[in-house]
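*Asks:* have a look at this prediction, sequence included:
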Amino acid sequence: MSADRALRDPLDDLSREQVEAALAACQGRPGPLLQVLHEVQNRLGYVPPAAIPLIAEVLNLSRADVHGVVTFYHHFRQAPIGRHVIQLCQAEACRSMHCEKLTEHAQRKLGVELHGTTPDGRYTLEPVYCLGNCACSPAVMIDGELHGRVTPDSFDALIAPLS
């Protein structure tokens, strides 16, 4: 779906309600855009492109301002995520321990590229740039749980119970 079409498509009622609740929760705070975007993502799992006009209107910002923040920060997702989020560290320490090979293996195993979600909605595969586990590189976070010294074989073992 093109970005222009996504902005024109209306939010469903539940999503609109959640975006409005996020806006209300941050009402009166100075410079609330980042707080609102975090709150929307916490509630929906992502920031729907169709929410941008509503957020912009309520915060008296341009759509371009809101879109620029959403697309600048890698933390914000613009599409629904999978039931399981797998983050693969790509920072220097993990690179020195061949995280590229682990990343290639994960992509092949799951059948999805970085920043992607499997067609069945089970997994989202994301790059991150330091999980703070440098002494145990390469590091992976699966559903908020940190794992170190991950190999292709141990990666397979970690995701096996999620299937």
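*Replies:* Now that the structure is in, tell me what you want to look at. Numbers count the residues shown, from 1 in each chain.
*Asks:* what ranges do the helices span in the protein?
*Replies:* In the chain, the helices defined using DSSP state H lie at 3-8, 13-25, 33-44, 52-59, 63-72, 92-96, 99-110, 152-159.
*Asks:* which residues sit against the fifth one?
*Replies:* Under the contact criterion CB atoms under 8 Å, 6 or more residues apart in numbering, helix 63-72 has outside partners 7, 33-34, 37, 47, 49, 52-53, 55-56, 59, 76, 78. Glycine gets a C-beta too; all of them are placed from N, C-alpha and C.
*Asks:* mind checking which of these are buried?
*Replies:* Leu33, Leu37, Val47, Pro49, Ile52, Pro53, Ile55, Ala56, Leu59, Phe76, Gln78 (16 or more other CB atoms under 10 Å).
*Asks:* where does this structure have its least confident helix or strand?
*Replies:* Least confident helix or strand, the chain: helix 3-8 with a mean of 49, by mean pLDDT, DSSP states H and E.
*Asks:* where's the residue most central in space within the chain relative to Leu44, distance?
*Replies:* Of all residues in the chain, the one closest to the mean position by CA atoms, centre = their mean is Arg77, 4.3 Å from it. Using CB to CB, to the nearest Å, Arg77 is found at 9 Å from Leu44.
*Asks:* in stretch 62-73, which residues are buried?
*Replies:* Val66, His67, Val69, Val70.
*Asks:* show me the protein divided up by domain.
*Replies:* 3-72, 84-162 (automatic domain parsing).
*Asks:* weakest of those domains in terms of mean pLDDT?
*Replies:* With a mean of 90, domain 3-72 has the lowest mean pLDDT of the domains of the chain.
*Asks:* centre of the chain to that domain, how far?
*Replies:* Put simply, domain 3-72 sits 15 Å off its chain's centre (CA atoms, centre = their mean, to the nearest Å).
*Asks:* ok, Glu100 - how many residues close by?
*Replies:* If you count neighbours by other CB atoms under 10 Å, Glu100 ends up with 13.
*Asks:* hang on, I meant Ala139
*Replies:* Neighbour number of Ala139 under other CB under 10 Å is 26.
*Asks:* now it: closest residue in space, sequence neighbours ignored.
*Replies:* Nearest residue to Ala139, sequence neighbours excluded (CB to CB, 6 or more residues apart in numbering): Asn133, at 3.9 Å.
*Asks:* looks like Ala93 contacts Cys134 (just checking).
*Replies:* Yes: with contact defined as CB atoms under 8 Å, Ala93 counts as touching Cys134 (3.7 Å).
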